[in-house]
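Peer 1: What follows is a predicted structure for the sequence shown.
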Amino acid sequence: MKQIHFYRLSSLFCTGLTFAGGGVNLCSSPYQKRVYRLLRKCLRHTFCILNLIKPIAILSPKWKILTLIPFYMLITIGHIKSQFSCTPSAYCNLDLRTAIFGDNQIDSIKNYSYAKSPQSSNFKDWELLGDRECILSDACKNTSEALFFNIYFPKNTVYEFYNTCPLPVIFMFHPGGFSDCSNIENTEGIRYMCREFAKRGFVVFNVEYRRGKLLYKGELFTINRTKTIYQQMAVYRAVQDARGAIRSALKMQADGLFANSFSFNVNKVFGAGASAGSGTVLATAFLQTQAMVDAVSPGFKDRLGNINEEYYYAPSNYSLPEFKGILNMWGNFPMPGSIKTEAQATGFFDQNAYIAPVISFQGKTDQIVEFDNRYEQFPPNEDLGDGRGNYDTTSFCLDNGGLISITRSNDGKDLLMIGALTLRNLVKNKGKQTETYLDCDMGHGLDDDPTDCCTSPANRKLPGCTQTCYKTAFGTNNTTSIDVQLYMVQRTAVFFSVPAYQHSY
């Protein structure tokens, strides 16, 4: 642990407390030496306040209450710093339901590119007319503006041990259905959660990734049950970007790019996401090989490149770290539709080199992401109706040119989508820690905050309540989405704390 300059601190605070101590010069001998000895002892113990109350009372009985206040502030700051000593015993008393750092103690770096420069001529990113209201025309781009992350971390003026005790790191992926209309800036809840994780001692990368998709609008359309070629390509590219972003963050740190701001522990890497972002991180975590990805996206490698591509700051052969834990918020990931039994699902899952612990939050009435598992189908060979091609085939904006297609099976079971409950069982059967929170009233994601609320139960009644109650609270009785988001951060920080705050594992 980095040594704190106790004598210098005692001198500084003695000077500041001369007036508060009723005019007694606390910096003169023997007072400063005594304060120094007590301060040194205090910063090594959680319950040290009594050690300082007594001498201050002796020095200045008249002002002991006033002098207690600045010393209490010093104790709080000192204890925050002393918690992170990189030894297992230092974290036994941590309760990460409560923030360690304050709002003004968190710093951020915005729009940090993780793209290769200059970018490969094969790199492609698209915009598709019909992908919600924000896209006005089709576009195929060779620019890397989607490849960036925003970083949140405790200020190095508050947390002084980045060099000797780097913090655990979370890579967060935002929701939005892989639509270009979704991005880091319009997912306020995710930004809030990133800051709350940082306040609990994590470095957090909020990762932007390539998006853009077209949904199937034919007669067989049922929400998210028919996956077009455009949706499948969006997922594949998002996984490429997720792997590239994580590899690049590690290489950037190795190259010293973050040295003046923060440092994270490359052996304590966590993933998190909501909806499409959760699907991205789950596929990254549990489809660890090209062969596994090929099984759910056959032929994509030839047209879109390897899942470890040369589009990023880190080269394709730069090692991807193991996740020590995953936060899944109403997400899922695919297995081949040919899997029909639990044993077959387990066999496919066992192809992973390791299994990360998972904490999941999911709605039981979700029609977009099934809480357990379900089969989804590829579309029939139907024309889009606007001259751009078919729902199952395209040649538009492919990295390596040519044509890419998906073929619908006879039984319509092309993908087996693994939701929170099935994932829990798979992870648990491998002997890994897992928690699943299922809200029976929740659909896909948290409800918007109510403009009104229910009249019962009484502990959820707000002033002026007449009818609507906030329901998606996972049994917490919280009445706003931000309170539920905070609860999910608290639960996840505690869940992650087992591998995050142990010296070795």
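Peer 2: Noted; the coordinates are in hand.
Peer 1: just for this protein, where's the confidence low?
Peer 2: 1-93, 132-133, 218-223, 450-469, 500-505 (pLDDT under 70).
Peer 1: Any idea how far apart the tips of stretch 331-339 sit?
Peer 2: 20 Å (Cα to Cα, to the nearest Å).
Peer 1: Contacts for it, please.
Peer 2: 235, 273-279, 281-283, 286-287, 295-296, 344-345, 348-349, 369-370, 373, 375-377, 409, 413-420, 423 (Cβ atoms under 8 Å, 6 or more residues apart in numbering). No exception for glycine: its C-beta is placed from N, CA and C like everyone else's.
Peer 1: Pull out the buried members of the residues you listed.
Peer 2: 235, 273-279, 281-283, 286-287, 295-296, 345, 348-349, 369-370, 373, 375-377, 413-420, 423 (16 or more other Cβ atoms under 10 Å).
Peer 1: Now Met329. Its backbone dihedrals?
Peer 2: Dihedral pair for Met329: phi -110, psi 100, per degrees, to the nearest 10.
Peer 1: returning to that earlier point: looking at the contacts of stretch 331-339, which are in helices?
Peer 2: If you go by DSSP state H, the contacts of stretch 331-339 have 235, 276-279, 281-283, 286, 295-296, 344-345, 348-349, 420, 423 in helices.
Peer 1: do you know how far Gly387 is from Leu215?
Peer 2: 18 Å (Cβ to Cβ, to the nearest Å).
Peer 1: the more surrounded of these two?
Peer 2: More crowded of Gly387 and Leu215, by other Cβ atoms under 10 Å: Leu215, with 20 against 6.
Peer 1: which residues touch the nearest residue to that one once chain neighbours are set aside?
Peer 2: Spatial nearest neighbour of Leu215, chain neighbours left out: Thr228 (6.5 Å); criterion: Cβ to Cβ, 6 or more residues apart in numbering. Contacts for Thr228 were tallied using Cβ under 8 Å, 6+ apart; they are 213-216, 378-379, 391-392.
Peer 1: again, only using 6 Å
Peer 2: Applying Cβ atoms under 6 Å, 6 or more residues apart in numbering to Thr228 gives the contacts 214, 216, 379, 391.
Peer 1: With Val293 instead?
Peer 2: Counting by Cβ under 6 Å, 6+ apart, Val293 has contacts 287, 307.
Peer 1: Next, give me the two most distant ones among the contacts of Thr228.
Peer 2: Pairwise distances across the contacts of Thr228 (Cβ to Cβ) peak at 10.3 Å, for the pair Leu214 and Pro379.
Peer 1: Of these two, which one has the most company?
Peer 2: The neighbour count for Leu214 versus Pro379, taken as other Cβ under 10 Å, is higher for Pro379 (24 against 21).
Peer 1: Assign a three-state SS to the more buried one, would you?
Peer 2: Under DSSP: H, G, I helix; E, B strand; the rest coil, Pro379 falls in the coil class.
Peer 1: Can you give me the neighbour number for the closest residue to it other than its chain neighbours?
Peer 2: In space, and not counting its chain neighbours, Pro379 is closest to Tyr391: 3.9 Å by Cβ to Cβ, 6+ apart. If you count neighbours by other Cβ under 10 Å, Tyr391 ends up with 26.
Peer 1: Am I right that Asn400 is in contact with Leu304?
Peer 2: No: under the criterion of Cβ atoms under 6 Å, Asn400 makes no contact with Leu304, lying 7.2 Å away.
Peer 1: more crowded one of those two?
Peer 2: Leu304 (21 against 12).
Peer 1: So that one is in contact with Asp399, correct?
Peer 2: Yes: distance between Leu304 and Asp399: 5.1 Å, which falls inside the contact criterion (Cβ under 6 Å).
Peer 1: In the stretch 401-505 of the chain, what residue spans correspond to helices?
Peer 2: Counting by DSSP state H, counting those that start in this stretch, the stretch 401-505 of the chain has helices at residues 420-429, 481-500.
Peer 1: ranges for the helices of the stretch 151-300 of the chain?
Peer 2: 188-198, 229-254, 276-286, 290-296, 300-304.
Peer 1: Can you show me the CA trace of the fourth one as CSV?
Peer 2: Coordinates of each C-alpha in helix 290-296 appear next as CSV, following Å, rounded to 0.1, in the frame of the first residue of the first chain:
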residue,chain,number,x,y,z
GLN,A,290,-15.1,-18.3,-33.9
ALA,A,291,-16.5,-21.8,-34.2
MET,A,292,-19.3,-21.0,-31.7
VAL,A,293,-20.2,-17.8,-33.5
ASP,A,294,-20.1,-19.5,-36.9
ALA,A,295,-22.6,-22.0,-35.5
VAL,A,296,-25.2,-19.2,-35.1
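Peer 1: mind saving the C-alpha coords of stretch 275-283 as CSV?
Peer 2: The C-alpha coordinates for stretch 275-283 follow below in CSV (Å, rounded to 0.1, in the frame of the first residue of the first chain):
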residue,chain,number,x,y,z
SER,A,275,-31.2,-5.3,-23.8
ALA,A,276,-29.1,-5.2,-27.1
GLY,A,277,-26.1,-4.2,-25.0
SER,A,278,-26.6,-7.2,-22.8
GLY,A,279,-27.0,-9.5,-25.8
THR,A,280,-23.7,-8.1,-27.0
VAL,A,281,-21.8,-8.8,-23.8
LEU,A,282,-23.4,-12.2,-23.3
ALA,A,283,-22.4,-13.3,-26.8
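Peer 1: Distance from the chain centre to that stretch, please.
Peer 2: What separates the centre of stretch 275-283 from the centre of its chain is 11 Å, taken as Cα atoms, centre = their mean, to the nearest Å.
Peer 1: Now tell me what touches it from outside.
Peer 2: Defining contact as Cβ under 6 Å, 6+ apart, one finds that stretch 275-283 is touched by 173-178, 238-239, 242, 271, 273, 328-331, 333.
Peer 1: Where neighbours are concerned, which of those has the most?
Peer 2: Counting neighbours by other Cβ under 10 Å, Phe173 leads the contacts of stretch 275-283 with 32 neighbours.
Peer 1: Now do the contacts for that one.
Peer 2: Each residue near Phe173 by Cβ under 6 Å, 6+ apart is listed here: 207, 273, 277, 280-281.
Peer 1: Excluding chain neighbours, what is closest to it?
Peer 2: Leaving aside its chain neighbours, Phe173 sits nearest to Gly277 (3.2 Å; criterion: Cβ to Cβ, 6+ apart).
Peer 1: If anything else comes up later, I'll come back, but that's it for now.
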